[in-house]
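> got a sequence here, can you model it:
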Amino acid sequence: MSWLKTALASLIFVSLVAAADDSDPVTMARNVGFTGCDVLINSTFENAKSAKERRTNVRYFEGLAKKSVDIDMTYGSIGDTVIQTVHFNKEGGYCYASMTATITQPGNCAGLLNQDQHFRYTSDAAGVLWSKNAGGVTKLFTQTGNYCTQIFVRDQKMKI
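As a prediction, this is how the structure comes out:
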């Protein structure tokens with residue numbers, strides 16, 4: 001009989017761990033009351049779906065979560081990690097998303113920008129190179145030693 005108690009206790013523990021480690025951003029947004037923007041949330045985090053490692057956090061103000069949440073996610077692997085923060089808001093029949101994503105890779109920022117076939121240089125200020133792609137995504141490049149930090153900034157909206 002004690003093996004049955006141990007087995008049940010193990011199942012309960014595994015269930016609680018799985019529930020606490022839910023990294024699906026749509027489910028996490030729904031759990032705090034933010035609904036109706038599932039399609040935009042899914043498309044915003046599309047690149048993270050195939051990642052082997054992923055961690056998600058939802059931030060919100062009590063009483064405002066039905067209208068506005070922030071979702072933070074890290075995904076990828078050591079040496080190839082994306083840090084993504086997105087503010088979601090619902091208003092006037094639309095869902096809005098303002099996203100910032102950061103990656104760091106070895107190399108010279110100017111060289112990496114020059115090799116990038118999708119982004120074109122637009123300006124520079126305070127040591128940061130600014131670029132933009134045809135879809136309107138802004139990408140900033142900043143050099144730290146032998147590493148280049150790249151920050152992507154994008155806004156989207158979608159009809160509910």
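> which residue is the nearest non-sequential neighbour of the most centrally placed residue in the chain?
Centrality entry for the chain: nearest residue to the mean C-alpha point is residue 84, 3.1 Å, by CA atoms, centre = their mean. With sequence-adjacent residues excluded and distances taken as CB to CB, 6 or more residues apart in numbering, residue 84 is closest to residue 101, at 4.3 Å. C-beta here means a position set from N, CA and C on the backbone, and glycine is covered the same way.
> count of neighbours near residue 109?
Neighbours of residue 109 under the rule other CB atoms under 10 Å: 21.
> quick check: it touching residue 144?
No - using CB atoms under 8 Å, residue 109 is not in contact with residue 144; the gap is 9.3 Å.
> need the helix or strand of this protein with the lowest average pLDDT.
Least confident helix or strand, the chain: helix 2-20 with a mean of 35, by mean pLDDT, DSSP states H and E.
> return the set of buried residues in the strand or helix carrying residue 111.
Element membership of residue 111, judged by DSSP states H and E, is helix 109-115. Buried positions in helix 109-115, judged by neighbour count with 16 or more other CB atoms under 10 Å: 109, 112-113.
> turn those into JSON lines, columns for pLDDT and distance to residue 67.
Formatted as JSON lines, the buried residues of helix 109-115 follow (pLDDT from 0 to 100; distance: CB to CB, whole Å):
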{"residue": "109", "pLDDT": "95", "distance to residue 67": "38"}
{"residue": "112", "pLDDT": "94", "distance to residue 67": "38"}
{"residue": "113", "pLDDT": "95", "distance to residue 67": "38"}
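> nearest to residue 155, of these?
residue 113 (21.7 Å; CB to CB).
> got the contact list for the closest one?
119, 121, 129, 131, 141 (CB atoms under 8 Å, 6 or more residues apart in numbering).
> nearest to residue 30 among those residues?
residue 119 (34.2 Å).
> can you select the buried ones among the contacts of residue 113 for me in PyMOL?
Entered in PyMOL, the line below selects the buried ones among the contacts of residue 113, by 16+ other CB under 10 Å:
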select buried, resi 119+129+131+141
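> out of the contacts of residue 113, list just those in strands.
Per DSSP state E, strands hold the following members of the contacts of residue 113: 119, 121, 129, 131, 141.
> need those in CSV (columns: distance to residue 57 and pLDDT).
As requested, these are arranged in CSV below (distance: CB to CB, whole Å; pLDDT from 0 to 100):
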residue, distance to residue 57, pLDDT
119, 28, 96
121, 34, 96
129, 30, 96
131, 29, 97
141, 26, 97
